[in-house]
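Enquirer: following is a predicted model, sequence given first.
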Amino acid sequence: MSMHNLTLSDIARALAEKTFSAEELTRSLLGRIQQLDPQLNSFITVTEAQALAQAKAADARRAAGETGALLGAPIAHKDLFCTQGVRTSCASKMLDNFIAPYNATVVEKLAAVGCVSLGKLNMDEFAMGSANESSHYGPVKNPWDLTRVPGGSSGGSAAAIAARLIPAATGSDTGGSIRQPAALTNLTGLKPTYGRVSRWGMIAYASSLDQGGPLARTAEDCALLLGSMAGFDPKDSTSVDQPVDDYLASLNQPLSGLRVGLPKEYFGAGLDSRIGAAILAVVEELKKLGATVKDISLPNLQHAIPAYYVIAPAEASSNLSRFDGVRYGHRCDSPVNLEDLYKRSRAEGFGAEVKRRIMVGTYALSAGYYDAYYIKAQKIRRLIKNDFVSAFNEVDVILGPTTPNPAWKLGEKSSDPVAAYLEDIYTITANLAGIPGLSMPAGFVDGLPVGVQLLAPYFQEGRLLNVAHQYQQVTDWHTQAPSGF
Ligand SMILES: NC(=O)C[C@H](N)C(=O)O
């Protein structure tokens with residue numbers, strides 16, 4: 001099997017057995033990126049020299065007797081993780097000239113275990129979007145059909161892995177940004193419990209919802225990566241001081257007796273019936289593995305999108321106020337006074353979707369509207385959390401579709417933002433409640449990937465990875481590659 005088709009776990013074995021070196025692997029993938037990425041636009045920045053230096057260092061560490069599974073493993077980072085000395089743009093003109101002076105904790109942790117970063121991945125501007133069309137650097141194409149979107153906002157991460165340019169990557173998920181692109185490109189992606197992975201150095205969008213996590217082709221690879229990304233970080237006051245589970249160790253537990261909940265609201269109007277059928281086929285497979293199935297209800301699902309699209313823009317309007325043309329970021333030419341500097345720098349630096357959300361958020365937080373919108377949305381958030389808490393009294397995992405539709409055509413929803421927001425219907429509740437969620441491949445509809453989502457109680461990432469891994473032992477959807485890549 002050629003190097004680019006190997007999973008992270010295969011690579012770990014091959015590096016340990018000295019089948020090839022980290023440097024050989026890095027050179028081969030850099031060549032593939034150069035050759036194939038012009039079709040996809042998944043990378044914003046390729047850090048060739050740095051990658052080769054990291055690969056050589058990993059080879060030297062291995063030669064000196066070190067054995068870590070990720071020593072020499074190639075990855076890339078979504079371009080909202082700060083990388084010291086390397087542009088960190090958040091796919092915005094605003095930060096096109098921003099060279100981060102430090103590494104995000106996630107970047108630091110993965111570098112410490114020997115991961116080789118090949119560069120920075122395209123995304124929706126400031127992570128706002130579900131199609132990766134709002135990037136200042138242009139849209140990302142879906143390797144399964146180059147006329148379609150890869151999902152967003154971690155669309156570059158998803159496209160690069162699906163096209164076998166890299167075996168795994170980091171992403172972030174505020175309302176579905178890891179799980180939805182994973183679903184649309186046939187990958188496995190995990191949004192951890194809020195607070196499981198440090199947000200330090202991850203450029204903030206909506207701070208009470210944002211969470212970093214892994215995207216890869218298999219649950220096993222997500223387990224490998226999450227094990228090194230997760231953990232308490234004193235630099236992030238929302239990171240939780242709780243030991244990190246051994247995710248690899250939990251993969252092989254049998255599923256006998258696992259109680260799977262199917263929320264009736266996840267199978268209602270708006271769901272493509274072919275996706276619904278694929279999801280029910282997953283349920284049958286899990287039953288064969290010993291799971292029992294129970295119908296459940298998450299009655300407040302219908303309120304999730306309105307609540308999210310108040311809370312997320314409100315937090316964004318506050319977080320993005322720092323980009324003013326003074327402290328860092330884009331600055332307009334020849335300002336006549338300070339107000340002109342702020343206005344034009346922000347008007348020129350932000351794209352349309354980001355401006356829309358800043359305006360929505362500022363409105364929602366303004367005097368007189370705060371109680372009507374923001375407080376009400378927070379109350380809905382609590383109800384959604386309570387729905388999950390009571391559901392998890394009866395079941396171990398909740399299962400449903402990740403998205404209501406497969407990947408849509410580039411441009412199809414760009415003039416109708418609400419149509420794109422509706423694609424997040426099944427994913428955003430996990431962010432509002434803070435629980436972990438995973439999407440994995442569940443088949444195809446007209447040649448386009450379908451994702452199944454699994455949700456679990458707080459800090460049960462190991463359970464999600466266990467269920468996904470067991471499913472991937474008896475199915476081969478996750479091994480399918482798009483033609484041409
Ligand atoms: N950032 C995310 O998780 C994506 C979500 N579609 C949003 O635009 O907010």
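Expert: Ah, there it is.
Enquirer: please save the CA atoms from stretch 126-137 in PDB.
Expert: Output of stretch 126-137 as PDB, limited to C-alpha atoms (Å, rounded to 0.1, in the frame of the first residue of the first chain):
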ATOM      1  CA  PHE A 126     -13.200  32.800  11.700                       C
ATOM      2  CA  ALA A 127     -14.900  29.400  11.700                       C
ATOM      3  CA  MET A 128     -18.200  30.800  10.600                       C
ATOM      4  CA  GLY A 129     -19.800  28.600   8.100                       C
ATOM      5  CA  SER A 130     -20.800  25.100   7.100                       C
ATOM      6  CA  ALA A 131     -19.400  25.000   3.500                       C
ATOM      7  CA  ASN A 132     -15.900  26.500   3.700                       C
ATOM      8  CA  GLU A 133     -17.000  29.100   1.200                       C
ATOM      9  CA  SER A 134     -16.400  32.100   3.400                       C
ATOM     10  CA  SER A 135     -12.600  31.800   3.400                       C
ATOM     11  CA  HIS A 136     -10.700  34.800   2.200                       C
ATOM     12  CA  TYR A 137      -8.400  32.300   0.400                       C
END
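Enquirer: buried ones in it?
Expert: Within stretch 126-137, the residues that count as buried by 16 or more other CB atoms under 10 Å are F126, A127, M128, G129, S130, A131, N132, E133, S134, S135, H136, Y137. C-beta coordinates here come from the backbone N, C-alpha and C atoms, glycine included.
Enquirer: look up how far M128 lies from A206.
Expert: 9 Å (CB to CB, to the nearest Å).
Enquirer: now do T403
Expert: In terms of CB to CB, T403 sits 17 Å off from M128.
Enquirer: so what secondary structure elements neighbour whichever strand or helix holds M359?
Expert: Using DSSP states H and E, M359 maps to helix 352-365. Judged by 3 or more CB pairs under 8 Å, 6 or more residues apart in numbering; DSSP states H and E, the packing partners of helix 352-365 are helix 304-319.
Enquirer: that older thread, who touches both of A206 and M128?
Expert: Listed as contacting both A206 and M128 by CB atoms under 8 Å, 6 or more residues apart in numbering are A316.
Enquirer: and the closest residue to the ligand within the chain, how many neighbours does it have?
Expert: Nearest residue of the chain to the ligand: S177, at 3.1 Å (CB to the nearest ligand atom). If you count neighbours by other CB atoms under 10 Å, S177 ends up with 38.
Enquirer: need the nearest residue in space to it, chain neighbours excluded.
Expert: S153 (4.2 Å; CB to CB, 6 or more residues apart in numbering).
Enquirer: which SSE is immediately downstream of the helix holding M359?
Expert: That would be, after helix 352-365 and using DSSP H and E, helix 376-391.
Enquirer: with just CA atoms, put that following helix into CSV.
Expert: Taking C-alpha atoms only, helix 376-391 is exported to CSV below (Å, rounded to 0.1, in the frame of the first residue of the first chain):
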residue,chain,number,x,y,z
LYS,A,376,-33.9,33.6,26.4
ALA,A,377,-31.3,31.8,24.3
GLN,A,378,-29.4,30.9,27.5
LYS,A,379,-32.6,29.5,29.0
ILE,A,380,-33.2,27.3,25.9
ARG,A,381,-29.6,26.2,26.2
ARG,A,382,-30.3,24.9,29.7
LEU,A,383,-33.4,23.0,28.5
ILE,A,384,-31.4,21.4,25.8
LYS,A,385,-28.8,20.3,28.3
ASN,A,386,-31.5,18.9,30.6
ASP,A,387,-32.9,16.9,27.7
PHE,A,388,-29.6,15.2,27.3
VAL,A,389,-29.2,14.6,31.0
SER,A,390,-32.5,12.8,31.2
ALA,A,391,-31.9,10.9,28.0
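Enquirer: can you name every helix or strand that that helix contacts?
Expert: So helix 376-391, by 3+ CB pairs under 8 Å, 6+ apart, packs with helix 304-319, helix 428-433.
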